[in-house]
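# model the following, please.
(one chain, ligands or ions: 1)
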Amino acid sequence: MNVIEINGLTKYYGKERGIIDINFNVEEKEIFGFIGPNGAGKSTTLRTLLALIYPTSGGAKIFGKDCIKHGPEIKKEIGYLPSEVFYYDKMNVIDLLNYSASFYKKNCSKRIKELAEIMDLNLNKRIDDLSFGNKKKVGIVQGLLHEPKLIILDEPTSGLDPLMQQRFFELLQEENRKGSTILFSSHILGEVQRMCNRVAIIKEGKIIQLEKISALQENNYKKIRVQLTAALEQNYFNIEGVSNLEANGNVISFLFRGNINLMMKKLSEIEIANVWVEEPDLEEIFLHFYEKGA
Ligand SMILES: Nc1ncnc2c1ncn2[C@@H]1O[C@H](COP(=O)(O)OP(=O)(O)OP(=O)(O)O)[C@@H](O)[C@H]1O
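Here you go, the predicted model:
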């Protein structure tokens, strides 16, 4: 069953492109990643799903219901963490969370305490005494306190230190095991690869790739940099599977996809000072999609 169905979703801000003809579904109990560079349209898509802004055309269904028409009803079952959190600074954390909880017809006090403990959040502090990262934690607790069926997170890890990111991902995995469906946006490929079953890649307002993470990894390019000790014949690395070849002084870099043994053989036949084999970052993967004309 699809928890989210997005059909031809398009949003223009006046003449400015927001998103164009977005189509994808998120299945029940899936952890779905939505990834793209700044300004690609991730927040616009998520805000439209939450009926915080209205689409120019197209639409989406959540739990089988139109996300705009049935917005208030649907939102009771959604936990949302916006990319930037703004609060009434003078309130205490616990008062703010109790106020948020009052919108749901259930007692959330026990869950608030549990979540605050997991995220190491002091409930008695005033909001304006909190650091950016701690404000983010308030947002996380606020988004999860009513044990929502669907969790939508917009760049949730920005501002969290690595330990907290880890705890937060464990928390999400636990929510997912208990039955929640999760959609989260990010511009960090690594965290999406680690967490998600499937991913949609968005660029300049359009979906350019929709993949299972396993397929994305199989297709994955390695980024190879070689530091040479002596000049090399110009076409030495010009073999099948090599793209984006660049030379910078005595360092040659390229993307490689193919049989890694062939590449290792090629490397073993020359004298080198150093070699780096890395996962390409998101920009480089985008560059590759771009070159394919996607
Ligand atoms: N309120 C607005 N008015 C005009 N243009 C907007 C508005 N909000 C977003 N846009 C434009 O819509 C496009 C998509 O922006 P959006 O914030 O959805 O991207 P994003 O992928 O979430 O990026 P980021 O990671 O930087 O938040 C951008 O070109 C942006 O300039």
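# going by C-alpha atoms from here, please, whenever you check contacts or count neighbours.
OK.
# tell me which parts of the chain are close to the ligand?
Residues of the chain lying close to the ligand (CA under 6 Å from any ligand atom) are 13, 16-18, 37-44.
# which of those residues tops the neighbour count?
Compared across the residues of the chain next to the ligand, K42 has the highest neighbour count, 27 neighbours, by other CA atoms under 10 Å.
# re earlier: out of the residues of the chain next to the ligand, which are inside helices?
Under the assignment DSSP state H, the residues of the chain next to the ligand contribute 42-44 to helices.
# now, which of those sits nearest V242?
Nearest to V242, judged by CA to CA, of these is K42 at 31.1 Å.
# contact partners for that closest one?
K42 sits next to 34-36, 154, 185, 202 when contact means CA atoms under 8 Å, 6 or more residues apart in numbering.
# could you redo the last one with a cut-off of 10 Å?
18-19, 34-36, 154-155, 184-187, 201-206 (CA atoms under 10 Å, 6 or more residues apart in numbering).
# ditto for S131
By CA under 10 Å, 6+ apart, the residues touching S131 are 137, 159.
# so what pLDDT did it get?
On the pLDDT scale, S131 is placed at 90.
# okay, and E174 sits in which element?
helix 162-177 (DSSP states H and E).
# isn't K29 up against K149?
Yes - between K29 and K149 there is a contact under CA atoms under 10 Å: 9.0 Å.
# which residues do these two both contact?
With CA under 10 Å, 6+ apart, K29 and K149 have common neighbours 3, 175-176, 178-182.
# distance from the chain centre to stretch 90-110, please.
Here stretch 90-110 is found 27 Å from its chain centre; the criterion is CA atoms, centre = their mean, to the nearest Å.
# what's opposite the residue most central in space within the chain in the beta bridge?
With distances taken as CA atoms, centre = their mean, S186 lies nearest the centre of the chain, 2.5 Å away. Following DSSP bridges, S186 is listed with bridge partners I35.
# pLDDT value on it, please?
pLDDT, S186: 88.
# now swap in S158 and tell me
pLDDT recorded at S158 is 84.
# now do the contacts for it.
Residues in contact with S158 (CA under 10 Å, 6+ apart) are 83-84, 132-133, 136, 165, 186-188.
# so among those residues, which ones count as buried?
Buried members of these, scored by 16 or more other CA atoms under 10 Å, are 83, 136, 165, 186-188.
# low-scoring stretches of this structure, by residue?
Counting by pLDDT under 70, the ranges of the chain that qualify are 216-220, 280-294.
# all strands for it, in order.
2-13, 16-27, 31-35, 57-62, 65-66, 78-81, 150-154, 181-186, 198-203, 206-212, 222-228, 242-248, 251-256, 272-278 (DSSP state E).
# ok, L163 - contacts?
Shown in contact with L163 (CA under 10 Å, 6+ apart): M119.
# for it, give its distance to the ligand.
Note on L163: its distance to the ligand, by CA to the nearest ligand atom, to the nearest Å, is 23 Å.
# assess the claim that M263 and F237 are in contact.
Yes - contact criterion CA under 10 Å: M263 and F237 qualify, at 8.7 Å.
# give me the common contacts of these two.
Shared contacts of M263 and F237 (CA under 10 Å, 6+ apart): F256.
# domain assignment for the chain?
Split into domains by the TED database, the chain comes to 2-217, 220-292.
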